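In: only geometry, no sequence info:
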């Protein structure tokens, strides 16, 4: 991974210096109130550290998709109360991101004060990464800190442009994320296993193609596994399956073969005639015994035990996506069992475990092991693009 500077590379005393800090405050809202403060809590350490060192902290963030126009319902002012609650500090709302109003507000702030600037996406220059727009924002700062990994796959003015105009640093959340991702796929301890689940192969093609060249074990679950089983000539009955992608699945299996990557597909499965909680038609069978009117909804217990044994031989696992239809019991059993094995191995110190993606975060929380894995990334799109092996503009700019 390319080198990047962190807050440790800044002078200890930042009194009166103006820090432009890109954060992810795209909080879920209901009736004008934030319903989940996870993202705000993630960036709090960076904000509080900079303020504690005497900097004037200017928060840059987007909220929703205003498409370059002002929308009263998408103002960052709606998020102000949530940030103040998390930081336990007063935050000044600044209704601009550049120009005389912004400059005047920055002048009013004292050392250690925090300002929340307006939604960066109210201006078309943000998503267009307009250099003039970036320059106008940069005029309010002495240095730039990016603490929004979740927006790092976008080359926008505040995620990428500013990093070329001011001394640029990774915030603590960004630093943690980059160090975890490096440990998972950049310079990992081999053997490495990847667990990839989810409904469709089509959404994770690039991920699978990249992983077979990087890992020693590829564990495929979820609806995706059915497409691979079909590619191997298994009749998957009524299961969710992308039959038009069986050739692609075969090509990925061939590539894995050439790269000495073992692909693990379920050999026993949990099936039912209807997709519902605890259906009467529920049974476990060998993959070759799935009836024409049955659908595969989870990985079977024997296969899960074997997958647990695979993890015991590995030093690193990267996980994206559940193994079964985990929101509906009992099709959560395989995901829960394997997650608990990964967590136990992590707690023993024998496994580094990095997981990411919305469903994965929910599945690990459901298994009760969210705090027992090495690192959980909450950055959906950016995490997926990183798993695809793509360079993320917001990260690349920090190491420029």
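Out: Noted; the coordinates are in hand. Only a predicted model underlies this, so the values are computations on that prediction, with no experimental measurement involved.
In: domain ranges for the chain?
Out: For the chain, the structural domains run 7-173, 188-387, going by automatic domain parsing.
In: Pull the contacting residues for residue 77.
Out: Counting by C-beta atoms under 8 Å, 6 or more residues apart in numbering, residue 77 makes contact with 93, 95, 116, 118. The C-beta positions use only the backbone N, C-alpha and C, and glycine is treated the same way.
In: scratch that, residue 133
Out: Contacts of residue 133 by C-beta under 8 Å, 6+ apart are 98, 123, 125-126, 157, 161.
In: And these, which is closest to residue 279?
Out: residue 126 (48.6 Å; C-beta to C-beta).
In: and the closest one, what element?
Out: Using DSSP states H and E, residue 126 sits within helix 124-127.
In: Ok, which of the domains of the chain comes nearest residue 393?
Out: Closest approach to residue 393 among the domains of the chain is made by domain 7-173 (3.8 Å; C-beta to C-beta).
In: Distance from the chain centre to that closest one, please.
Out: Averaging C-alpha positions (C-alpha atoms, centre = their mean, to the nearest Å) puts domain 7-173 20 Å from its chain's average.
In: what mean pLDDT would you report for that domain?
Out: Confidence for domain 7-173, expressed as mean pLDDT, is 96.
In: just stretch 314-333 next, same as before
Out: 96.
In: What of stretch 359-367?
Out: On average, stretch 359-367 scores 91.
In: Mind listing what's buried along that stretch?
Out: For stretch 359-367, a neighbour-count test (16 or more other C-beta atoms under 10 Å) marks 359-361, 363-364, 366-367 as buried.
In: Name the nearest of the residues you listed relative to residue 137.
Out: residue 361 (31.5 Å).
In: residue contacts, the closest one?
Out: Residues near residue 361 by C-beta under 8 Å, 6+ apart: 355, 370, 376, 378.
In: where's the dip in pLDDT among those?
Out: Among the contacts of residue 361, residue 378 carries the weakest pLDDT, at 82.
In: The stretch 301-400 of the chain: helices as residue ranges?
Out: For the stretch 301-400 of the chain, helices defined by DSSP state H, counting those that start in this stretch occupy the ranges 301-312, 333-348, 358-366, 380-387, 393-398.
In: Tabulate those helices (JSON lines), appending distance to residue 137.
Out: Listed next are the helices of the stretch 301-400 of the chain as JSON lines, based on distance: least, C-beta to C-beta, whole Å:
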{"stretch": "helix 301-312", "distance to residue 137": "46"}
{"stretch": "helix 333-348", "distance to residue 137": "41"}
{"stretch": "helix 358-366", "distance to residue 137": "30"}
{"stretch": "helix 380-387", "distance to residue 137": "21"}
{"stretch": "helix 393-398", "distance to residue 137": "14"}
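In: I'd like to know which of the contacts of residue 77 are buried.
Out: Looks like the contacts of residue 77 have 93, 116, 118 buried, using 16+ other C-beta under 10 Å.
In: Isn't the last one up against residue 72?
Out: No - applying C-beta atoms under 8 Å, one finds residue 118 not in contact with residue 72, separated by 11.4 Å.
In: List the contacts of stretch 103-112.
Out: 15-16, 18, 51-52, 54-56, 58, 92, 94, 96, 115, 139-140.
In: Any of those buried? List them.
Out: 18, 51, 54-56, 58, 92, 94, 96, 115, 139-140.
In: and the two most separated of those?
Out: Among those, 54 and 96 lie farthest apart (C-beta to C-beta), at 24.2 Å.
In: And the helices in this protein, which stretches?
Out: For the chain, the helices defined by DSSP state H cover 38-52, 77-87, 99-108, 124-127, 131-138, 172-181, 205-211, 222-231, 246-258, 301-312, 333-348, 358-366, 380-387, 393-398.
In: Nearest to residue 281, out of these?
Out: helix 333-348 (16.7 Å).
In: what packs against that closest one?
Out: strand 295-299, helix 301-312, strand 316-320, strand 352-356, helix 358-366 (3 or more C-beta pairs under 8 Å, 6 or more residues apart in numbering; DSSP states H and E).
In: quick one, which of these is packed in tightest?
Out: strand 295-299 (a mean of 27; mean count of other C-beta atoms under 10 Å).
In: between it and helix 222-231, how big is the angle?
Out: With axes from the mean of the first three to the mean of the last three C-alpha atoms, to 10 degrees defining the directions, strand 295-299 sits at 110 degrees from helix 222-231.
In: what angle sits between strand 295-299 and helix 301-312?
Out: 40 degrees.
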